[in-house]
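K.L.:
The following block contains a protein sequence and its predicted model.
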Amino acid sequence: MESSMASLQPVTHIIFDMDGLLLDTEQLYTSVFREICKRFGKEYTWEVKTLVMGKLSLPAAQIIRDTLELPLTAEELLNESRIKQEKVFPTASLMPGVEKLIYHLHKHSIPIAVATSSAGVTFEMKTSRHKDFFNLFHHIVLGDDPDVKSGKPQPDLFLLCAKRFDPPPPLEKCLVFEDAPNGVKAAQAAGMQVVMIPDENLDKNLTKEATLILKSMEDFKPELFGLPAYD
């Protein structure tokens, strides 16, 4: 656990990223894009993946296409990946410690929401086995929401998500959970504290901006941010 405890401020509302944070989908994305890139003799590396984590789907596809110089358009890459994702996304499982925290916060009536770059169609695929779990959230903001003008690292998703709580809290009273550098930047641009739970493969230099860094959701202590401790 890395941070200076003195710098942590109490919060009242919590916003969660989804991919790689609530749901173990990042390895599913990786396998899909690896398979497509391999067909063209290209390698989908962690360096490339780091560039697109947390981004909206079409800009992400454009970055992969341009970086690896793939002989197809970003739209074609996205369409092909969606076909493959239809098979694997419904198998997505919850990340360790996630269920315990969400049920705990829900039990104590702490307002919680999801802000994800996922579009509606992929959100439905990924959450199909976890409907009851996602019903615990006050609301969910998707990447293709018409009110989201720009994706992460811009703050739009988190600002919109905070605004949809009833009543909306002061931004500094929101805590964000993220796994991606782009998401951490977006949360900070929104004026929120951010707990980062990065993939162990992520370059450590890309985790420095977070308020608090954890290895797993299982390590989170709610009382550090003025929230009810686990029983």
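P.N.:
Great, that's in hand. Here the structure is a predicted model, which is why all the values come from computation and not from measurement.

K.L.:
Every contact and neighbour count from this point should use C-alpha atoms.
P.N.:
Will do.

K.L.:
Around Lys215, how many other residues sit close by?
P.N.:
Other residues lying near Lys215 total 14 when counted by other Cα atoms under 10 Å.

K.L.:
Was I right to think it contacts Ile197?
P.N.:
Yes. Applying Cα atoms under 8 Å, one finds Lys215 in contact with Ile197, separated by 5.7 Å.

K.L.:
For the protein, which segments count as helices?
P.N.:
26-39, 46-52, 57-68, 74-88, 98-107, 120-127, 131-134, 156-163, 181-189 (DSSP state H).

K.L.:
and the last one, what other elements does it pack with?
P.N.:
Yep, that's helix 181-189 we're talking about. helix 156-163, strand 193-196 (3 or more Cα pairs under 8 Å, 6 or more residues apart in numbering; DSSP states H and E).

K.L.:
Using PDB, list the CA coordinates for that helix.
P.N.:
The C-alpha trace of helix 181-189 is given here as PDB (Å, rounded to 0.1, in the frame of the first residue of the first chain):
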ATOM      1  CA  PRO A 181      -3.300   5.400 -16.000                       C
ATOM      2  CA  ASN A 182      -5.800   7.100 -18.300                       C
ATOM      3  CA  GLY A 183      -8.500   6.600 -15.700                       C
ATOM      4  CA  VAL A 184      -6.400   8.000 -12.900                       C
ATOM      5  CA  LYS A 185      -5.700  11.100 -14.900                       C
ATOM      6  CA  ALA A 186      -9.400  11.500 -15.600                       C
ATOM      7  CA  ALA A 187     -10.300  11.200 -12.000                       C
ATOM      8  CA  GLN A 188      -7.700  13.800 -10.900                       C
ATOM      9  CA  ALA A 189      -8.800  16.100 -13.700                       C
END
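
K.L.:
can you list contacts of it?
P.N.:
Here helix 181-189 makes contact (Cα atoms under 8 Å, 6 or more residues apart in numbering) with 17, 50, 53-55, 152-156, 158, 176, 178, 193-194, 196, 206-207, 209-210.

K.L.:
rewinding a little: tell me which of the helices of the chain sits nearest to Leu8.
P.N.:
helix 181-189 (13.8 Å; Cα to Cα).
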